[in-house]
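# Take a look and give me a structure for this.
(one chain, ligands or ions: 1)
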Amino acid sequence: MNQDAMKKAVAEAAIALIKPDLDAKTIIGVGTGSTANFFIDALAKLKMDFDGAVASSEETARRLQHHGIPVYDLNNVADLEVYVDGADEANEHLELIKGGGAALTREKIVAAVARRFICIADQSKRVSQLGAFPVPVEVIPMARSHVARQIVKLGGDPEYREGVVTDNGNVILDIYNMNLANPIEIEREMNQIVGVVANGIFAQRPADILLLGSSEGVTTLR
Ligand code: 5RP
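Numbers count the residues shown, from 1 in each chain. This next block holds a predicted model:
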């Protein structure tokens, strides 16, 4: 089974998990990236069974709309039953690194609102300790150098992701070599730097369910 087949398998496993709870009022939070795209394509087949979706990026909103799935502004949604999204890394505590696609801030907001967060990923994303993948940090453009200097003090090596502007009009620093033995603490410390909008460590709000695809099938971690 190749990586795309594993992503498709976990996307379909997520559909099977949420399907029994769908009704005409259900609004689903939808993530960003290639794995989330498989989920969107599978979700489109059920579009008569739920109300609509909240998108974590403009790209996801376009894909949902292309399938005829109504996209809601999160401010107009009182209840978000579930959020389904991929990850760049996941550990056994279901703590994640996200933001490889630069959508981390909106992803974090939707994950914070959702009652359940189902993370879908292929086996290559599973790690014993987070941090081999550089931690994306969304930064207000004028604060870029200040934030980079503060992150060096925390032990990280920031690299400016050139040419990338987020959906919120900000820039991304990718942080290499950060010691993430205590992800909750580092997530908090990075959030306290003035100019940081959000960072890609999802430890304060980890996933509730992790579906991991491998050539043997889909494993569920809770
Ligand atoms: C986007 C993300 C994605 O979920 C993450 O990068 C994984 O992407 P893919 O499913 O393409 O491997 O956080 O900001």
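
# Pull out the buried positions in stretch 66-75.
Within stretch 66-75, the residues that count as buried by 16 or more other C-beta atoms under 10 Å are 69, 71-72. For the C-beta atoms, the positions are set from N, CA and C on the backbone; glycine is no exception.

# Which residues of the chain lie near the ligand?
31-35, 85-88, 98-104, 107 (C-beta under 6 Å from any ligand atom).

# Recalculate using a threshold of 5 Å.
Residues of the chain found near the ligand (C-beta under 5 Å from any ligand atom) are 32-35, 86, 88, 98-101, 103.

# Redo those residues as CSV? Include pLDDT and distance to Val137.
Shown next, in CSV, are the residues of the chain next to the ligand (pLDDT from 0 to 100; distance: C-beta to C-beta, whole Å):
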residue, pLDDT, distance to Val137
Thr32, 98, 17
Gly33, 98, 18
Ser34, 98, 22
Thr35, 98, 22
Gly86, 98, 19
Asp88, 98, 13
Lys98, 98, 12
Gly99, 98, 8
Gly100, 98, 13
Gly101, 97, 14
Ala103, 98, 13
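
# in this structure, what spans have low per-residue confidence?
Along the chain, no part satisfies pLDDT under 70.

# Name the residues that touch the longest helix along the chain?
Counting residues, the longest helix found in the chain (DSSP state H) is helix 3-18. By C-beta atoms under 8 Å, 6 or more residues apart in numbering, the residues outside helix 3-18 that reach it are 1, 28, 34-36, 38-39, 41-43, 46, 81-82, 84, 86, 118, 120-124, 209, 211-215, 217-218, 220.

# same check, this time on stretch 147-163
Contacts of stretch 147-163 (C-beta under 8 Å, 6+ apart): 102, 134-137, 139, 144, 171-179, 186, 189-190, 193-196.

# phi, psi of the residue sitting furthest away from the middle of the chain?
Most distant residue from the mean C-alpha position of the chain: Lys153, 26.6 Å away (C-alpha atoms, centre = their mean). Here is the backbone geometry of Lys153 (degrees, to the nearest 10): phi -60, psi -30.

# Would you mark the buried spots in the helix or strand encompassing Thr105?
Element membership for Thr105, per DSSP states H and E: helix 104-113. The neighbour-count check on helix 104-113 (16+ other C-beta under 10 Å) flags 104-111, 113 as buried.

# any idea how far the closest residue to Gly86 other than its chain neighbours lies from Val77?
Nearest residue to Gly86 in three dimensions, chain neighbours excluded: Thr35, at 3.6 Å (C-beta to C-beta, 6 or more residues apart in numbering). As for Thr35, its distance to Val77 is 23 Å (criterion: C-beta to C-beta, to the nearest Å).

# One more: Ser124?
For Ser124, the distance to Val77 - C-beta to C-beta - is 33 Å.

# Looking at those two, which is more packed in?
Per other C-beta atoms under 10 Å, whichever of Ser124 and Val77 has more neighbours is Val77, with 16 against 12.

# got the contact list for the closest residue in space to that one that isn't next to it in sequence?
Of all residues not flanking Val77 in the chain, Ile27 sits nearest, at 5.4 Å (C-beta to C-beta, 6+ apart). Applying C-beta under 8 Å, 6+ apart to Ile27 gives the contacts 50-54, 72, 77, 79-81.

# Just the buried subset of the residues you listed, please.
For the contacts of Ile27, a neighbour count by 16+ other C-beta under 10 Å gives the buried set as 50-54, 72, 77, 80-81.
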